[in-house]
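*Asks:* Predicted model and sequence follow; I will ask about them next.
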Amino acid sequence: MYSEKVMDHFQNPRNVGEIENASGVGTVGNAKCGDIMRMYLDIDENGVIRDCKFKTFGCGAAVATSSMATELVKGKTVQEALQVTNKAVMDALDGLPPVKVHCSLLAEEAIHAALWDYAKKHGIKIEGLQKPKSDIHEGEEEDEEEY
Ligand code: FES
C-alpha cells in the first residue's frame, strides 16, 4: 500500500540530523498521534536554502515525507520553499494512503515554522507565509465538520 519511493525514504531517510547555528528551526507536533518533527534550515545571504536537516519522532509516513521535503527545499529560495506543500511532497513520493495524508502536513508545517523562525530572527517578512501552528491537530475538528 506504500509506494516504492515512500518505502525508500522511510528506510533510507535523507538529511537526518541537526544543523548547528541554523538560520531557522521549526518544531511541529500532532497531539492526536503524538508525533513530532523538527526542521533545520541553513539559508545563505541571498535567501537560498543551502542545507536542510530534520529529526522526526513519528510514524513511517512522517519520516518519508520529511525526508522528501528536505530534498525538495534544498537549493530553493525561501519564497520558492513555500510551494513545497504537503501535496507537492506526496506527489513526489507517488502518493500516500488516505489515512496517512495528515502525516505529510507535519513536514509542510515544520518547514513553515523554520521559515517563520528565520524571518523573525532577520526582521524580514516572507510574502504569503502565515504564522505556523505548533500542533497541526489544532482546529482539525472544525475542518472536519465542513465535509
Ligand atoms: Fe502521526 Fe503519522 S501517525 S504523523
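*Replies:* Everything's here; your move. Numbers count the residues shown, from 1 in each chain.
*Asks:* Buried ones in the helix or strand containing residue 112, by neighbour count?
*Replies:* Per DSSP states H and E, residue 112 falls inside helix 101-122. Within helix 101-122, the residues scored as buried using 16 or more other Cβ atoms under 10 Å are 102-119. Bear in mind the C-beta positions are built from the backbone N, C-alpha and C, glycine included.
*Asks:* any idea how far it is from the chain center?
*Replies:* Relative to the centre of its chain, helix 101-122 is centred 6 Å away, using Cα atoms, centre = their mean, to the nearest Å.
*Asks:* What of stretch 48-66?
*Replies:* Distance of stretch 48-66 from the chain centroid (Cα atoms, centre = their mean) equals 6 Å.
*Asks:* Quick check: buried residues in that stretch?
*Replies:* Buried residues in stretch 48-66, defined by neighbour count with 16+ other Cβ under 10 Å: 49, 51-56, 58-66.
*Asks:* Which residues of the protein lie near the ligand?
*Replies:* Within the chain, the positions near the ligand by Cβ under 6 Å from any ligand atom are 30, 33, 35, 58-59, 61-62, 103, 106.
*Asks:* among those, which two are most distant?
*Replies:* Across those, the longest distance by Cβ to Cβ is 11.6 Å; it joins 30 and 61.
*Asks:* intersection of neighbour lists for those two?
*Replies:* Common neighbours of residue 30 and residue 61 (criterion: Cβ atoms under 8 Å, 6 or more residues apart in numbering): residue 103.
*Asks:* most centrally placed residue in this structure?
*Replies:* residue 107 (2.2 Å; Cα atoms, centre = their mean).
*Asks:* Show the contacting residues for it.
*Replies:* Neighbours of residue 107 in contact, by Cβ under 8 Å, 6+ apart: 37, 39, 54, 62, 65-66, 68-69, 86, 89.
*Asks:* run the last query once more with 7 Å
*Replies:* Residues in contact with residue 107 (Cβ atoms under 7 Å, 6 or more residues apart in numbering) are 37, 65-66, 69, 86, 89.
*Asks:* Just the element for the closest residue to it other than its chain neighbours, please.
*Replies:* The shortest distance from residue 107 to any non-neighbouring residue, by Cβ to Cβ, 6 or more residues apart in numbering, is to residue 69 (3.9 Å). Using DSSP H and E, residue 69 maps to helix 60-73.
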